[in-house]
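Chemist: sequence unavailable; structure follows:
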């Protein structure tokens with residue numbers, strides 16, 4: 001997937017970035033990423049494309065097949081490592097979140 005938000009609303013770029021990261025994107029370049037080939041991801045990408053185009057941006061989705069099994073495993077491992085890193089960051093910050101005082105007995 002490649003997205004260009006030049007000329008679009010300034011908030012669109014951040015929205016697109018967050019959505020792609022949430023879908024498990026592995027960035028190859030600044031605006032080019034790989035996403036897992038799953039039905040739920042395809043549906044979300046379709047909705048994202050509609051929003052990007054409606055807000056004045058451009059988006060291209062190209063389906064690829066990675067012929068080399070080793071390369072496929074490497075890409076999959078990189079995607080998993082990126083997601084693991086995101087979760088580790090959340091868990092690291094979790095103790096700083098305050099849920100308020102404990103309930104009184």
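Modeler: Noted; the coordinates are in hand. Since this is a predicted model, take the numbers as computed values, not measurements. Numbers count the residues shown, from 1 in each chain.
Chemist: where exactly do the strands run in the protein?
Modeler: 2-4, 26-29, 32-34, 58-60 (DSSP state E).
Chemist: is it possible to get TSV of those that adds mean pLDDT, mean neighbour count and distance to residue 70?
Modeler: (Each C-beta comes from the backbone N, C-alpha and C, glycine too.) Converted to TSV, these look like this (pLDDT from 0 to 100; neighbours: other Cβ atoms under 10 Å; distance: least, Cβ to Cβ, whole Å):
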stretch	mean pLDDT	mean neighbour count	distance to residue 70
strand 2-4	84	17	25
strand 26-29	83	12	16
strand 32-34	86	17	16
strand 58-60	90	14	27
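Chemist: could the ones you listed be laid out in a markdown table, adding distance to residue 89?
Modeler: As requested, the strands of the chain are arranged in a markdown table below (distance: least, Cβ to Cβ, whole Å):
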| stretch | distance to residue 89 |
| --- | --- |
| strand 2-4 | 23 |
| strand 26-29 | 16 |
| strand 32-34 | 19 |
| strand 58-60 | 27 |
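Chemist: and the ones you listed: which comes nearest residue 71?
Modeler: strand 32-34 (11.4 Å; Cβ to Cβ).
Chemist: can you list the weak-confidence ranges in the chain?
Modeler: 99-105 (pLDDT under 70).
Chemist: in it, spot the helix with the most residues.
Modeler: Secondary structure of the chain per DSSP state H: the longest helix is helix 69-93.
Chemist: show me what counts as buried in that one.
Modeler: Across helix 69-93, burial judged by 16 or more other Cβ atoms under 10 Å covers 75, 79, 83.
Chemist: about what we covered before: of all the strands of the chain, which lies closest to residue 16?
Modeler: strand 2-4 (5.2 Å).
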